[in-house]
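Asker: Kindly generate the corresponding structure for this input.
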Amino acid sequence: MKILVFDIGGTSIKYGVCTDNVLQDVKETPTNAKLGGRHIVETLISLIKEQSGYDAIGISTAGQVNSKEGYIIYANQNIPNYTGTKIKEELEELFHVPVTVENDVNAAAMGEAVYGAGKDYHQFLMLTYGTGVGGATVTNKEVYYGSSYSASEFGAIITHSDARLAGNDYFDGCYEKYASTTGLVKMAMEYKPELDNGRKIFENLNDPKVMDILDKWVDEIMLGLATLTHIYNPPCIILGGGIMVQPLIMEKIAEKKSRFIMPSFAHVNLIPAALGNSAGLLGANYLASKNL
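Answerer: The predicted structure follows:
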């Protein structure tokens, strides 16, 4: 079975071919997200036309997704005019194969559930840390969607109540403003404006102040993880996103766990994702093959 897989992010579209669940020929192209949802669909169409002999198409994408009908429920201003885009309907009409569309964090979680860090767990939560904080809940290799395909918006957990009460945006005072990589960079730039990305921050950890900033940022991460641990009591929480490949982050999380999480929840494993940038593609493959 041959499935074309795509992972649409704000910066790039990763794509490849899964043949009998083996991911091959992975490439990427700029999303050019500011050009809007129509541009993304046209890019997909162009890339699909380069392929032949496939049985299905699996798509992981940013935004809230109605995975049953394959359209974008909501996407923020990072991808203009993406809300309402009927990806499944249009691609099935053009290419005459089944198309599966899923939210990117849900797809990554399913990739980890079947092929990665979650394969030995019947249930787990997954969070990804990047521009924002994404979340997914998996039970028995199924995503929990809630009443409108928008469950597990973990980035909206309120961790700074004063900021939320004083603010006008739904995410003021919320987890993703502080625990995302964006939040870390903001903290670092307040100290030194040149520390404008994660790589530069980690290159300057010999500066005690930078290390202190990183430590405070991990505290922000733990606020959300403690809340989720105590509410869900899952056997495992998987942590993804590019910054989580840094061993120091997971070391600090392990060190702080007993401070934030009750002893009776100490068995909850906080572990890094295993599949890296392939998680969304592999998840899209699994969901597309399941839907055939």
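
Asker: C-alpha from now on. contacts and neighbour counts both.
Answerer: Noted.

Asker: Tell me how far Val26 lies from Ala254.
Answerer: As judged by CA to CA, to the nearest Å, Val26 and Ala254 stand 33 Å apart.

Asker: ditto for Phe154
Answerer: Distance from Phe154 to Ala254, counting by CA to CA: 20 Å.

Asker: So which of these two has more stuff around it?
Answerer: Applying other CA atoms under 10 Å to Phe154 and Ala254 shows that Phe154 carries more neighbours, namely 22 against 15.

Asker: Touching, the more buried one and Tyr129? I think so.
Answerer: No - the criterion here is CA atoms under 8 Å, and Phe154 misses it with Tyr129 at 10.8 Å.

Asker: For these two, list the residues in contact with both.
Answerer: Counting by CA atoms under 8 Å, 6 or more residues apart in numbering, no residue touches both Phe154 and Tyr129.

Asker: For the stretch 1-150 of the chain, which segments are assigned as strands?
Answerer: Secondary structure of the stretch 1-150 of the chain, counting by DSSP state E, counting those that start in this stretch: strands at 2-8, 12-19, 22-30, 56-61, 64-66, 71-74, 99-103, 123-129, 133-139, 142-143.

Asker: so how far is the longest one from its chain's centroid?
Answerer: Which is strand 22-30. Centroid separation between strand 22-30 and its chain, computed with CA atoms, centre = their mean, to the nearest Å, is 18 Å.

Asker: Touching it from outside, list them.
Answerer: So strand 22-30 is contacted by Thr11, Ser12, Ile13, Lys14, Tyr15, Gly16, Val17, Cys18, Leu282 (CA under 8 Å, 6+ apart).

Asker: Quick check, pLDDT for the residue positioned nearest the centre of the chain.
Answerer: Centre of the chain computed as the mean C-alpha position; nearest residue by CA atoms, centre = their mean is Val105, 3.5 Å away. On the pLDDT scale, Val105 is placed at 96.

Asker: tell me the mean pLDDT for stretch 196-209?
Answerer: Mean per-residue pLDDT for stretch 196-209: 96.

Asker: Likewise for stretch 61-81?
Answerer: Average pLDDT, stretch 61-81: 94.

Asker: Other residues contacting that stretch?
Answerer: Contact with stretch 61-81 is made by 6-10, 33-38, 82-89, 99-104, 148-150, as judged by CA under 8 Å, 6+ apart.

Asker: Please apply the same query to stretch 277-292.
Answerer: Under the contact criterion CA under 8 Å, 6+ apart, stretch 277-292 has outside partners 3-7, 14-16, 18, 21, 23, 56-60, 98-102, 104-105, 107-112, 114-115.

Asker: Now do the longest helix anywhere in the chain: everything it contacts.
Answerer: Using DSSP state H, we find that the single longest helix of the chain is helix 208-232. Contact with helix 208-232 is made by 154, 157, 159, 175, 178-179, 183-184, 187-188, 201, 204-205, 249, 252-253, 256-257, 260-261, 265, 268, as judged by CA under 8 Å, 6+ apart.

Asker: partners of Gly240 in the sheet?
Answerer: Thr128 (DSSP bridges).

Asker: which one of the contacts of strand 22-30 has the most neighbours?
Answerer: In terms of neighbours by other CA under 10 Å, these top out with Leu282 at 32 neighbours.

Asker: What is the three-state secondary structure of that one?
Answerer: Leu282 falls in the helix class when you classify it by DSSP: H, G, I helix; E, B strand; the rest coil.

Asker: Residue ranges in the protein under the pLDDT threshold?
Answerer: For the chain, no stretch has pLDDT under 70.

Asker: the domain parsing of it - what is it?
Answerer: 2-107+277-291, 118-274 (automatic domain parsing).

Asker: Do me a favour and get the end-to-end distance for the first one?
Answerer: Translated: domain 2-107+277-291. 14 Å.

Asker: got it, and the longest one?
Answerer: Domain 118-274 has an end-to-end distance of 9 Å (criterion: CA to CA).

Asker: now do stretch 16-34
Answerer: Stretch 16-34 has its terminal residues 23 Å apart, counting by CA to CA.
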